[in-house]
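*Asks:* Give me a 3D structure for the following:
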Amino acid sequence: MKKIQMVDLKSQYDKIAATVNASIQEVLDTTTYINGPEVHKFQKNLEEYLDVKHVIPCANGTDALQIAMMGLDLKPGDEVITADFTFAATVEVIALLQLTPVLVDVDLVNMNISIDAIKKAITPKTKAIVPVHLFGRAANMEAIMRIANEHNLYVIEDNAQAIGANCKFSDGTKKKAGTIGHVASTSFFPSKNLGCYGDGGAIFTNDDELAHKIRGIVNHGMYVRYHHDVVGVNSRLDSVQAAVLNAKLPFLDAYGKARQDAARKYSAAFEGHKNIIAPSICAICDCHVFHQYTLRIIDADRNGLMEHLLAKGIPCAIYYPIPLHAQKAYTDTRYKEEDFTVTNQLIKEVISLPMHTELDDEQIKFITDSVIEFLS
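*Replies:* The predicted model follows:
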């Protein structure tokens, strides 16, 4: 059996090596390392794939989220609601901009931000909501946009983990995650569903004026060289990374399908087990692209299971072991533990198994057998 990895980037690369290498070589040959043709080509290709008017590439996903907020002219002290159960980058940029993070609980079933918790958290100071499409599953954007419209709030989608996922609406329409709110961010970190071979990110919006402002912000506030019209930063996607992303973008839907197929096999093996709650996945799934495959372990030793799997050479991880409201940097007297019952439950139950495009049936069987072996 091939060695099991949490993310097998080498095997994925081997299948597209010729295309990737040729794209990178073109950059090397032309020496257009910054804002070269590959960057503009990727921007256009991704706009077409997402059916969004504007993609603004940048240096990484955290920058993307910060720049998106900068473009909205939020003021120090403005409250921004986001999920407690996610990676720290989401709340980090809120604090860096001297905005006030308002952390709220998540839904037990889909682990995304709770709609009821959003409603309860809104105050006269609330200016924005940041839903995170966690683990590759699209958040309930229809409900979130309805709340935002009722209260005149911005919606900034954190789409770092769910590029390619579809959001479904009650009228039957679908839109790609990251194209529904006022603005969105994504990450091209190597392990993402669409990952480059270094750091990279992008901002999406359908708002022409906002897009124009953001294009200045990412480039030191310049639209004309040495004319600084807005306060900006230095955050650019380099041409080599754009070349990698151009090579991989045509495979994104196939990568999503491979992850969904692996998830189905995982969930089928765990079906009916009294100690396992597996992610739900429908026959025709397009709302979840499985950046992570995350189980909940009920009435059993989750930490012991992790040790068991690691001892058998099966990588696994706990995303996330400490909620944001309990992190030293983000503690606040406003927060009460009873407001985070779901998050506090999930951090004791979740464990993520290997999930990537190259998982084979032999590996999946070994992983699922090992999980069941420990829990039996």
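*Asks:* Which parts of the stretch 1-150 of the chain are strands?
*Replies:* Secondary structure of the stretch 1-150 of the chain by DSSP state E, counting those that start in this stretch: the strands cover 54-58, 79-83, 100-104, 126-130.
*Asks:* so which of those gets nearest A278?
*Replies:* A278 lies closest, by Cβ to Cβ, to one member of the strands of the stretch 1-150 of the chain: strand 79-83, at 21.3 Å. From N, CA and C alone the C-beta is placed, and that goes for glycine too.
*Asks:* Just want the angle from that closest one to strand 126-130.
*Replies:* If you take axes from the mean of the first three to the mean of the last three Cα atoms, to 10 degrees, strand 79-83 sits at 20 degrees to strand 126-130.
*Asks:* Touching strand 79-83 from outside, list them.
*Replies:* 69, 74, 90-91, 94, 99-104, 106, 112-113, 118, 121-123, 125-132, 134, 156, 158 (Cβ atoms under 8 Å, 6 or more residues apart in numbering).
*Asks:* Using ChimeraX, define a selection of the buried residues within those.
*Replies:* Here is the ChimeraX command that picks out the buried ones among those, judged by 16 or more other Cβ atoms under 10 Å:
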select :69,74,90,91,94,99,100,101,102,103,104,106,112,113,118,121,122,126,127,128,129,130,131,132,134,156,158
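*Asks:* residue boundaries of the helices in this structure?
*Replies:* 9-30, 37-50, 61-71, 89-96, 115-121, 141-151, 208-217, 239-248, 252-270, 302-311, 341-349, 361-375 (DSSP state H).
*Asks:* With respect to A278, which of those helices lies nearest?
*Replies:* Comparing the helices of the chain by Cβ to Cβ, helix 252-270 comes nearest, at 4.3 Å.
*Asks:* Next, the buried residues of the closest one.
*Replies:* In helix 252-270, counting by 16+ other Cβ under 10 Å, buried: 252, 255-256, 258-267, 269-270.
*Asks:* I'd like the strands of the stretch 1-150 of the chain laid out as JSON lines, including distance to I284 and mean pLDDT.
*Replies:* Listed next are the strands of the stretch 1-150 of the chain as JSON lines, based on distance: least, Cβ to Cβ, whole Å; pLDDT from 0 to 100:
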{"stretch": "strand 54-58", "distance to I284": "27", "mean pLDDT": "98"}
{"stretch": "strand 79-83", "distance to I284": "27", "mean pLDDT": "98"}
{"stretch": "strand 100-104", "distance to I284": "31", "mean pLDDT": "98"}
{"stretch": "strand 126-130", "distance to I284": "29", "mean pLDDT": "98"}
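*Asks:* do you know which of those strands lies nearest H220?
*Replies:* Going by Cβ to Cβ, the one of the strands of the stretch 1-150 of the chain nearest H220 is strand 54-58, 12.5 Å.
*Asks:* ok, and what's touching that closest one?
*Replies:* With Cβ under 8 Å, 6+ apart as the test, strand 54-58 has contacts from 39, 42-44, 46-47, 64, 67, 200-208, 211, 214-215, 218, 235-237, 242.
*Asks:* I only care about these that end up buried; give me the ChimeraX line for that.
*Replies:* Buried residues among the contacts of strand 54-58 (16+ other Cβ under 10 Å), as a ChimeraX selection:
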select :39,42,43,46,47,64,67,200,201,202,203,204,205,206,211,214,215,218,235,236,237,242
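*Asks:* Name the residues of stretch 66-75 that are buried.
*Replies:* For stretch 66-75, the neighbour count (16+ other Cβ under 10 Å) marks 66-72, 74 as buried.
*Asks:* could the residues you listed go into a markdown table alongside pLDDT and distance to L346?
*Replies:* Putting the buried residues of stretch 66-75 into a markdown table (pLDDT from 0 to 100; distance: Cβ to Cβ, whole Å) gives the following:
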| residue | pLDDT | distance to L346 |
| --- | --- | --- |
| Q66 | 98 | 26 |
| I67 | 98 | 30 |
| A68 | 98 | 27 |
| M69 | 97 | 26 |
| M70 | 97 | 31 |
| G71 | 97 | 32 |
| L72 | 97 | 30 |
| L74 | 95 | 29 |
